[in-house]
Every structure is written in structure tokens, then in C-alpha cells.
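Enquirer: One predicted model, sequence on top.
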Amino acid sequence: MILANQLIYRYLTQNEFKAINNLIQSAGGGSQTYIDLPKSDISDADLTSFFGPGTPVQYGFSWTIDVFSLSLGRNAQSVTVKGRRNTTNSIREQNGTNRIEILKSSVSGFPSSTYDDVNDPICLFILKEVTGAFWAGWFSKSDCQPGWYIPLELIPVLARKAGNCGYINLSQPVTIDITDFRWPFRFSVNNPVLSLPTVQQQPLSIKHIIDAINSTGLIYDDTIIKRLCFSLLSKRFVILSGLAGSGKTQLALALAHSLCENLAEQMCFVPVGADWTNREPLLGYPNALKGDEYVRPENGVLDLLIRAQKPENKEKPFFLILDEMNLSVVERYFADFLSAMEAKNEPIHLWTKDKDGVPCSVILGSNVFIIGTINVDETTYMFSPKVLDRANVIEFKISASEMDTFLQTNPSADVSKADAKAAAYAEDFVAPHNPAPNPGINGTLNMFFEELKKANAEFGYRSAHEISKFIGIALANDDTATPLNMNQAVDAAIVQKLLPKLHGSKKKLTPVLKEMWGFCFDTPASGGSIVALEDATNADSSNAKYPLSADKILRMYNWVCDNGFASFSEA
């Protein structure tokens, strides 16, 4: 059984039936090989919501996905849906060996010679599982029996007229029996459609988490999503920094939406106020006038922590998202959290009673993930080493190509489209990940330690351990088509854990930045040399062994030369 929450469907026309069965030739002499999806019924935006971002082509976009056939098990086929005209997308190559397996006569009894498109039209459908997997099936009008029940939202699928098609995004997933290819209408009074089982848990899949986030219409490089996931797996506190409006908050929300079964219970989004001077906005306080009353914060943070520590919730992820985290001094209002991160299972004391649902203390459990977003301007505060040492800092930038894609597509983003799509991987996301140490990184870390020490920005045992853990998790858990390699994982760790604490004057930073610039490149061949930092360009940093770190070092160097002072967040 699976849970599905989206589908597209198409009632085949007579010409489409004949074409995919090689019964006609097109006017140009070649076989028609496609099934049309008119954009008036299923728009490009609908297909983007369904399949994820597409690749721009002459007539819109192209999507290539892996599709499983209902009742045939998990033997996926690559299927392409592509803009054929300004008014039409089409499912390509459906009359030969690439044909969706379930549409083959020998497999499912799909008609191959005659087709009554008036009295008994055939409907092809593709379902989308909440985990992001796609499943294909078909049925004919004669398959629909009296007494079957379906959700009201699926009524349009019963159009039963050749040429009809559409896209449906269900408000609540439905349970699907993947052993029956003619699924949609075999519900009965004794088999309620919306009686949902708990999401069946599966081993962690970063690929499916990325797919869930991409389904929202947000534009992110896969590497940014990977870095966020691997950072949270290695340490439950991440800071997202960078350009205002670059998608920091939306990424945090999209990740929470994708992993939580019950968003209202498992996520708390809190805009940080500019007047926070203590822990009360997050944890509340005992009422000094009424000794037996505890005033809970209205934002729900305390309630989130209380729910997270319940035994039945230990394997569920809970997300605390602090927006504009540095509008107030973090060390003041967040001190209890910073201490609790390092003192495992040590409680945060609230008061001396246990009353009205407020315990004496709460624990910042390993199932609580904290993501803070920051901007840097004249209205915000800088972080102390105490904060930076406990977090991975991921910087957001927008490349020219990403901006060009955005301007061309002008996508409509909706984080709710990711709801529970990766919930099947939630338990493994919460579970401890303890990879074996990798001695191969020791030399690199020692080099950076020596140079950072000259600027009083060296790291301690905690950071060294967390860097090693991040790299091990990244190398062991990246199941995407282009997994991070060792250099990419080390590069991400350097720019997230080591460079954020670096700040100072031109005199202090220049020699350190120059030395670390050299660390970002392989030793040149005999007779070659590394481009000096003062002569470097963006092209030089992109060719580095550690391009993210080299790019940041170059920007910090240019900033300190121009302004006399630089920090990680300002450059």
C-alpha cells in the first residue's frame, strides 16, 4: 500500500489509440508516438507542481521521470513529457519499446486492435506518491462498477469522454493498492477512502527530500538542499545567511513541510522580535503575581518542545524556525538553547511546579531541529563565536543562471505542495548518524587550524568532531545521481564551520586569507603556480579544489581591501 496525493489523467482519443498501437501513420510519413496533454487542461505550472522543475525547450519545458507500473512491482521506466506545441505537452515515445509497461497488451490486456472511444473510453493516469514516486495505470469506462466510492476531488476523473484530461492535487492523500493497476475506483463503504495508515517508514533518501522540495516551485541548487540536510543530521542547529529574498526562510519551511506528517504539531515558525532581551519570548515565564500560573509564549515554542519530548514522538522530527534570528542579540534570548545543545539530556528549567501541562523543565531532544535565518545590515547584530561554533552556517547566493531561469519561468512557489512528501524518511532523519572517522581529512584541517589561529579564529575539538561527522554523513547518505565527493564535502565543511568565525582588519586578515587561498587548490604540476589571491578572479575560484571556500575567501579579501575590515557575513 502507498499514499498518493496528486495525479494527472488523459482519456485517449481514437487517433492516440491507433498511433501508439502502430495502426496509423502521421501525415509526414512517420509514426505518431505521443499522448497529448493540452495546456488548457494541464498547464505548465500544473506539470511543474506534479513533476518538479522542467528543462526549458522550444515549446515550454521537458520533464523526464521514472515511472513504475501498478501491479508490476518496482521496475521503473524513464518517461519524458515535453512541450510539443505552444498549446500542448505530450507523453513521448509510446508506440515502441519505451512504451509504459502497463499499456502493453501482453502485460495488462490493454486493447491493441479496436477501441470504442465513444462508449468505452480508456483513461491513462499517473499517480504521485507522497514520497515523490510516480505510478502509472489505466482503466476503461466499463471497469467502473456501481457502488464504488471515491473522494469528491476525484470526480473529474470520471469524465469518461475521449480527449478529457486534467491534474488533481488532493487535499488529503488516499491509500492505493499498488498490486491493482485499475486502482482509482475500487473503493467501497467497507473500505473508506480517507482512512489513512501511518506513513510507512523507509531508509533515508536525500533524493526524495530534494524532489519534495523541488515540487514546491522554489528554485534551489541540489547542493544547497544536501548541505542543509547533512548539516542537520550532524548537528541539529543550522543558520541560513545571505541575500535578502534569496529563499532562506522558504527552504527551511519547505524542508519542514516535506518531513512532517502533522505540520501544525511538528513545526513552529517564529519571527524574532527586535526587543528580545531574555528567554521569555521563547520559553515563557512563571507569573510573579500568581505563583501557580505559568505564562506560555503565544508563538508555541514551549508547546513544541513539550510535544517533542513525549515518548510517542521521539522518532518524529520537530522544527523550530527562527526568522531574522539576529534582529536581537542571540546570546541573550537563546542562551538556554545554546547550552542545552551541548549538555545532552540536561533539562532547561522552567519553574518549580508541574501544572496545567507545563512541566518543571523541558529537554532539547535530538528530534528537535533548529533553523535560523539571518540578514546582515545596520538593524542586525553579529554572532559571537559561541553561537557560530555550535552551528553550520550556510550562505545563500543567487547565480546569474538561477536568476535567468527565474525570470524566464516566473514560477509560482507554494511550500504546502511539499506536505508530507518525504514523511516516509522522517524516522531515519531523526535517528543518530555516527559515521566512522575519516583520517584523510586530518591534514587539511590541521592546515586551516594553523592559519586560523594566527587570526584568533581557530576551532576546537567540538568543531573538528562535527566537521568529521558532517563529511562522513554526506559521503554515506547521498543517494542522488550526482553524490557529493570527498572534496565537495570537505569544501562545504570548511565554508560552513571554519570561515564564519573569521573577521578583522586588513592587517589581520590579509596574510591569513592569502595562505588559505593556496590551501583551496591542488599542488600545481611542475613549473606551474597558483594564481595569487590579489590577482584572482571568480573564474580562478571556480577552478579550485575547494571552490566554495575559494570563492568566499576571494570575496572576503576584496572586501577587506576595499573597506579595511571584513567578516564572513558582510563579504
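Expert: Thanks, I have it.
Enquirer: hey, let's count contacts and neighbours off CA atoms from now on
Expert: Noted.
Enquirer: In the stretch 51-200 of the chain, mark out all the helices, start to finish.
Expert: 105-108 (DSSP state H, counting those that start in this stretch).
Enquirer: For it, give me the ranges with low pLDDT.
Expert: Applying pLDDT under 70 to the stretch 51-200 of the chain flags residues 73-75, 94-98, 143-152, 155, 159-160, 177, 180-198.
Enquirer: how about 80 then?
Expert: 71-76, 92-99, 101-109, 141-162, 171-200 (pLDDT under 80).
Enquirer: which residues in it form strands?
Expert: 55-57, 60-69, 77-85, 88-91, 122-129, 134-140, 165-176 (DSSP state E, counting those that start in this stretch).
Enquirer: and residue 248, which of those strands is closest to it?
Expert: The closest of these to residue 248 is strand 55-57. By C-alpha to C-alpha, the value is 23.6 Å.
Enquirer: Return the set of buried residues in the closest one.
Expert: Neighbour counts over strand 55-57 (16 or more other C-alpha atoms under 10 Å) mark no residue as buried.
Enquirer: Over to stretch 263-280?
Expert: Buried residues in stretch 263-280, counted by 16+ other C-alpha under 10 Å: 263, 266, 267, 268, 269, 270, 272, 276, 278, 279.
Enquirer: number of nearby residues for the nearest residue to the first one once chain neighbours are set aside?
Expert: Of all residues beyond its chain neighbours, the one nearest residue 263 is residue 257 (6.4 Å), with distances taken as C-alpha to C-alpha, 6 or more residues apart in numbering. When counting by other C-alpha atoms under 10 Å, one arrives at 27 neighbours for residue 257.
Enquirer: ok, residue 257 touching residue 415?
Expert: Yes. In this structure residue 257 lies within contact range of residue 415 using C-alpha atoms under 8 Å: 6.9 Å.
Enquirer: Could you pull out the helices in the stretch 401-550 of the chain for me?
Expert: 426-430, 442-454, 461-477, 486-493, 506-519, 538-542, 547-563.
Enquirer: I'd like those laid out as CSV, including mean neighbour count.
Expert: Formatted as CSV, those follow (neighbours: other C-alpha atoms under 10 Å):
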stretch, mean neighbour count
helix 426-430, 22
helix 442-454, 15
helix 461-477, 20
helix 486-493, 21
helix 506-519, 18
helix 538-542, 15
helix 547-563, 21
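Enquirer: still on that earlier bit, among the buried residues of stretch 263-280, name the ones in helices.
Expert: 263, 266 (DSSP state H).
Enquirer: Narrow the buried residues of stretch 263-280 to those in strands?
Expert: Per DSSP state E, strands hold the following members of the buried residues of stretch 263-280: 267, 268, 269, 270.
Enquirer: ok, back up a step: any chance of the strands of the stretch 51-200 of the chain in JSON lines with distance to residue 319 as columns?
Expert: Listed next are those as JSON lines, based on distance: least, C-alpha to C-alpha, whole Å:
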{"stretch": "strand 55-57", "distance to residue 319": "32"}
{"stretch": "strand 60-69", "distance to residue 319": "30"}
{"stretch": "strand 77-85", "distance to residue 319": "35"}
{"stretch": "strand 88-91", "distance to residue 319": "39"}
{"stretch": "strand 122-129", "distance to residue 319": "23"}
{"stretch": "strand 134-140", "distance to residue 319": "28"}
{"stretch": "strand 165-176", "distance to residue 319": "22"}
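Enquirer: residues contacting the residue nearest to residue 499 when sequence neighbours are not counted?
Expert: Excluding the flanking residues, the one nearest residue 499 by C-alpha to C-alpha, 6+ apart is residue 568, at 6.6 Å. Residues near residue 568 by C-alpha atoms under 8 Å, 6 or more residues apart in numbering: 499, 500, 501, 502, 503, 552, 556.
Enquirer: Including pLDDT, could these go into CSV?
Expert: As requested, the contacts of residue 568 are exported to CSV (pLDDT from 0 to 100):
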residue, pLDDT
499, 94
500, 92
501, 89
502, 91
503, 90
552, 95
556, 94
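Enquirer: Now tabulate those in TSV and tack on distance to residue 390.
Expert: Below are the contacts of residue 568 laid out as TSV (distance: C-alpha to C-alpha, whole Å):
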residue	distance to residue 390
499	13
500	11
501	11
502	15
503	17
552	20
556	22
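Enquirer: So residue 391 versus residue 384, what's the distance?
Expert: Counting by C-alpha to C-alpha, to the nearest Å, the gap from residue 391 to residue 384 is 11 Å.
Enquirer: more crowded one of these two?
Expert: Using other C-alpha under 10 Å, the more surrounded residue of residue 391 and residue 384 is residue 391, with 27 against 12.
Enquirer: now that one: how far from residue 453?
Expert: 20 Å.
Enquirer: How about residue 56?
Expert: 48 Å.
Enquirer: In this structure residue 89 contacts residue 40, no?
Expert: No. If you go by C-alpha under 8 Å, residue 89 and residue 40 don't touch, sitting 10.1 Å apart.
Enquirer: Compare those two and say which one has the larger neighbour count.
Expert: residue 89 (25 against 11).
Enquirer: Who's the closest spatial neighbour of that one, skipping the chain neighbours?
Expert: Of all residues beyond its chain neighbours, the one nearest residue 89 is residue 83 (4.1 Å), with distances taken as C-alpha to C-alpha, 6+ apart.
Enquirer: got a list of what the one you found touches?
Expert: Taking C-alpha under 8 Å, 6+ apart, one finds 57, 58, 59, 60, 61, 62, 89, 90 in contact with residue 83.
Enquirer: Would you mind writing the ChimeraX command to select the buried ones in those residues?
Expert: This is the ChimeraX syntax for the buried subset of the contacts of residue 83, where burial follows 16+ other C-alpha under 10 Å:
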select :60,61,62,89,90
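Enquirer: Kindly reformat the contacts of residue 83 as a markdown table containing distance to residue 241.
Expert: Formatted as a markdown table, these follow (distance: C-alpha to C-alpha, whole Å):
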| residue | distance to residue 241 |
| --- | --- |
| 57 | 33 |
| 58 | 36 |
| 59 | 37 |
| 60 | 33 |
| 61 | 32 |
| 62 | 33 |
| 89 | 39 |
| 90 | 41 |
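Enquirer: closest to residue 482 among the contacts of residue 83?
Expert: residue 62 (20.1 Å).
Enquirer: Find the nearest non-adjacent residue to that closest one, please.
Expert: Nearest non-adjacent residue to residue 62 (C-alpha to C-alpha, 6+ apart): residue 82, at 4.2 Å.
Enquirer: what does residue 396 give?
Expert: Nearest one to residue 396, counting by C-alpha to C-alpha, 6+ apart, is residue 242 at 4.7 Å.
Enquirer: Fine by me, we can end here.
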